[in-house]
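K.L.:
would you be able to build a 3D model of this:
(4 chains)
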Protein chains: 4
Amino acid sequence: MCIKGVLLLDHTDANTNIEYLVSQVREFLQERDWQKYHNPKDLAESICVEAAELLQLFQWMSREEVCAFKDISSNVERLKEELADVVIYCLSMTNAMDIDLTSTVIDKLKRNRKKYPSKLYRGKAHL
Amino acid sequence: MCIKGVLLLDHTDANTNIEYLVSQVREFLQERDWQKYHNPKDLAESICVEAAELLQLFQWMSREEVCAFKDISSNVERLKEELADVVIYCLSMTNAMDIDLTSTVIDKLKRNRKKYPSKLYRGKAHL
Amino acid sequence: MCIKGVLLLDHTDANTNIEYLVSQVREFLQERDWQKYHNPKDLAESICVEAAELLQLFQWMSREEVCAFKDISSNVERLKEELADVVIYCLSMTNAMDIDLTSTVIDKLKRNRKKYPSKLYRGKAHL
Amino acid sequence: MCIKGVLLLDHTDANTNIEYLVSQVREFLQERDWQKYHNPKDLAESICVEAAELLQLFQWMSREEVCAFKDISSNVERLKEELADVVIYCLSMTNAMDIDLTSTVIDKLKRNRKKYPSKLYRGKAHL
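P.N.:
Here you go, the predicted structure:
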């Protein structure tokens, strides 16, 4: 897209920081005056509700159907919608709690690296 | 932090793109050879399980306790851990499904803007 | 109802044992040849999905709305439907695992009585 | 068991009605003065939290591990504990909402029989 000589790129994972996504969600809420509903308990409930809708896409699916899931574009579209709902509420939680999501994730990965040393856990989900 | 003249910034929402977080999660999995477990159905299950652990932090909490939640730093630390678990599995889903999370979220916000016009929904969770 | 001199009572909590409910669910499944789907992992998923649909009835509800919930008959009807879905899958799990639900529940209540002595926990959700 | 000429049977699905289970849960709550916490929203949250703990028993389990699950007695014991937690909160909801669980379940099975006619759905989870 090119408006008045400015090249506008689409937002992708490669060119978008978390702050932009967080701000987009905040803006959406402010337009509707919905921040008042966003206490952390109700947000945690909504994350749960949306996570279950994501899971519902796979209800009663056999291993074979799960393997083929990705090849059917309508499946991918439905998954993207449900995953987005979970992530948007996680970004809302970030807003509501005034935390930095990036460092939160990186800190947790560090802790997981200690908890599950690759030498011990390589190839195993459990010990 | 400054090593050999290179300024190393801590990663924050302001300077980190989603691709970096996705790659960090991918690296963590590859070190443990855990991608083999990451079919979308089991990932959706894990997102559900972690979302419920996040919700559990608020079990039986009254409105007053929820309001005061943010002021107690041990609460914030526990919430960050549980929220990180949900987000890390969402990033794993992004990996497993080869999708772009940023555009997925932005597309969904667009759809939500149409579904919930701010004129109609301003200040109301339901019509 | 009275057919050929036999008084047929409606089934209620007062006159129906758990076995009857379990057998009703089993019959429903057998008529559809659905037992084959009922492995315990997929059943646990379905219990989760239905539990979240029950929770969704209360999404964003304030304390006042929750207090008034019971007085609105359409609310009660929706809750009964969603609660029934959770319970039916729990009865299916009982079937699939060949366990006795009554003794399972009574044993757990015994353990809870030890874990939460009424002298210590009276009036308190946490210590 | 026989005390003073009275034969005391253990409670099982064959000899116990729902009312007895509901009353056992009510008694447990009254001893602790916990009914005050049991509004339907918080109960729905707790059903969700416990359902996810049940699901967690199967996290990352392969089809083969799920098939063998029932043969390992420690698995069965853990499942019974988690299933009991879900069911106990469902019985608490029955208490809190003053509804009859038996007729609620039977009504829902009737509706499901209409929604999924066995002729159409025999052997198929979806059409």
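K.L.:
so what's the residue positioned nearest the centre of chain A up against?
P.N.:
The residue at the geometric middle of chain A, judged as the C-alpha nearest the mean C-alpha position with Cα atoms, centre = their mean, is A:V87 (2.9 Å). In this structure, A:V87 makes contact with B:87, B:90, B:101, B:104-105, judged by Cβ atoms under 8 Å, 6 or more residues apart in numbering or on different chains. Where C-beta positions appear, they are placed from N, C-alpha and C, glycine not excepted.
K.L.:
for A:R26, grab the count of nearby residues.
P.N.:
Each residue near A:R26 was counted by other Cβ atoms under 10 Å in any protein chain shown, and the total is 17.
K.L.:
what do you get for A:F69?
P.N.:
Neighbour tally, A:F69, other Cβ under 10 Å: 18.
K.L.:
got the phi and psi for it?
P.N.:
phi -50, psi -50 (degrees, to the nearest 10).
K.L.:
hang on, the earlier thing: okay if I get the contacts of A:V87 as a markdown table plus secondary structure?
P.N.:
Compiled in a markdown table, the contacts of A:V87 are given as follows (DSSP: H, G, I helix; E, B strand; the rest coil):
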| residue | secondary structure |
| --- | --- |
| B:V87 | helix |
| B:C90 | helix |
| B:L101 | helix |
| B:T104 | helix |
| B:V105 | helix |
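K.L.:
and of those, the nearest to C:K36?
P.N.:
Comparing the contacts of A:V87 against C:K36 with Cβ to Cβ picks out B:C90 as the nearest, at 32.0 Å.
K.L.:
hang on, isn't that closest one packed against A:D85?
P.N.:
No. Proximity of B:C90 to A:D85 does not meet the contact threshold set by Cβ atoms under 8 Å, at 10.6 Å.
K.L.:
separation between the residue in chain A positioned nearest to chain C and chain D?
P.N.:
For chain A, the nearest residue to chain C under the criterion Cβ to the nearest Cβ is A:A52, separated by 3.2 Å. Applying Cβ to the nearest Cβ, to the nearest Å, the value for A:A52 to chain D is 8 Å.
K.L.:
name the helix or strand for that residue, please.
P.N.:
Under DSSP states H and E, the secondary-structure element containing A:A52 is helix A:40-56.
K.L.:
and for the spatially closest residue to A:N39 that is not a sequence neighbour, the neighbour number?
P.N.:
The shortest distance from A:N39 to any residue that is not its chain neighbour, by Cβ to Cβ, 6 or more residues apart in numbering or on different chains, is 5.2 Å, and that residue is B:V66. Applying the criterion other Cβ under 10 Å, we find 15 residues in the vicinity of B:V66.
K.L.:
OK, contacts around B:V66?
P.N.:
By Cβ under 8 Å, 6+ apart, B:V66 lies in contact with A:39-41, B:58.
K.L.:
just A:R32 next, same as before
P.N.:
Neighbouring residues of A:R32 by Cβ under 8 Å, 6+ apart: B:116, B:118, B:121-123.
K.L.:
what about A:E64, how many residues nearby?
P.N.:
Residue crowding around A:E64 was assessed by other Cβ under 10 Å; the count is 8.
K.L.:
per-residue pLDDT, A:M1?
P.N.:
Reading off the per-residue confidence, A:M1 sits at a pLDDT of 44.
K.L.:
likewise for A:N95?
P.N.:
pLDDT recorded at A:N95 is 94.
K.L.:
what comes up buried for the helix or strand where A:V76 lies?
P.N.:
Secondary structure from DSSP H and E places A:V76 in helix A:73-97. Neighbour counts using 16 or more other Cβ atoms under 10 Å in any protein chain shown place A:75-76, A:79-97 of helix A:73-97 among the buried residues.
K.L.:
can you tell me which residues contact the closest residue in space to A:Y37 that isn't next to it in sequence?
P.N.:
Distances taken as Cβ to Cβ, 6+ apart place C:W60 nearest to A:Y37, at 5.0 Å, with adjacent residues excluded. Residues touching C:W60, when contacts are defined by Cβ under 8 Å, 6+ apart, comprise A:37, A:42, A:46, B:125-126.
K.L.:
whichever of those residues end up buried, select them in PyMOL.
P.N.:
Here is the PyMOL selection string for the buried members of the contacts of C:W60, based on 16+ other Cβ under 10 Å:
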select buried, chain A and resi 37+42+46
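K.L.:
ok, stretch A:46-57 near chain B or not?
P.N.:
Yes. Shown here: stretch A:46-57 in contact with chain B (Cβ under 8 Å from any Cβ of the partner chain) through A:47-48, A:51-52, A:54-55, A:57.
K.L.:
CA atoms only: put that stretch into PDB for me.
P.N.:
As requested, C-alpha coordinates have been extracted for stretch A:46-57 and formatted as PDB (Å, rounded to 0.1, in the frame of the first residue of the first chain):
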ATOM      1  CA  SER A  46     -12.800 -14.800  29.700                       C
ATOM      2  CA  ILE A  47      -9.400 -16.300  28.900                       C
ATOM      3  CA  CYS A  48     -10.800 -19.600  30.100                       C
ATOM      4  CA  VAL A  49     -14.000 -19.400  28.100                       C
ATOM      5  CA  GLU A  50     -12.100 -18.600  24.900                       C
ATOM      6  CA  ALA A  51      -9.500 -21.300  25.500                       C
ATOM      7  CA  ALA A  52     -12.300 -23.800  25.800                       C
ATOM      8  CA  GLU A  53     -13.800 -22.500  22.500                       C
ATOM      9  CA  LEU A  54     -10.400 -23.100  20.900                       C
ATOM     10  CA  LEU A  55     -10.400 -26.700  22.400                       C
ATOM     11  CA  GLN A  56     -13.900 -27.300  21.100                       C
ATOM     12  CA  LEU A  57     -12.600 -27.200  17.500                       C
END
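K.L.:
let me see the residues that make contact with it.
P.N.:
Contacts of stretch A:46-57 with the rest of the structure, by Cβ under 8 Å, 6+ apart, involve A:75, A:78-79, A:82-83, A:85-86, A:89-90, A:93, B:44-45, B:47-48, B:51-52, B:54-55, B:86, C:45, C:48-49, C:51-53, C:55-56, C:59-60, D:48, D:52.
K.L.:
make it 6 Å
P.N.:
Residues lying outside stretch A:46-57 but in contact with it, judged by Cβ atoms under 6 Å, 6 or more residues apart in numbering or on different chains, are A:78, A:82, A:85-86, A:89, B:44, B:47-48, B:51-52, B:55, C:48-49, C:52, C:55-56, D:48.
K.L.:
which among the residues you listed end up buried?
P.N.:
A:82, A:85-86, A:89, B:44, B:47-48, B:51-52, B:55, C:48-49, C:52, C:55-56, D:48.
K.L.:
can you name the residues of chain A sitting close to chain C?
P.N.:
A:37, A:42, A:48-49, A:52, A:55-56, A:60 (Cβ under 6 Å from any Cβ of the partner chain).
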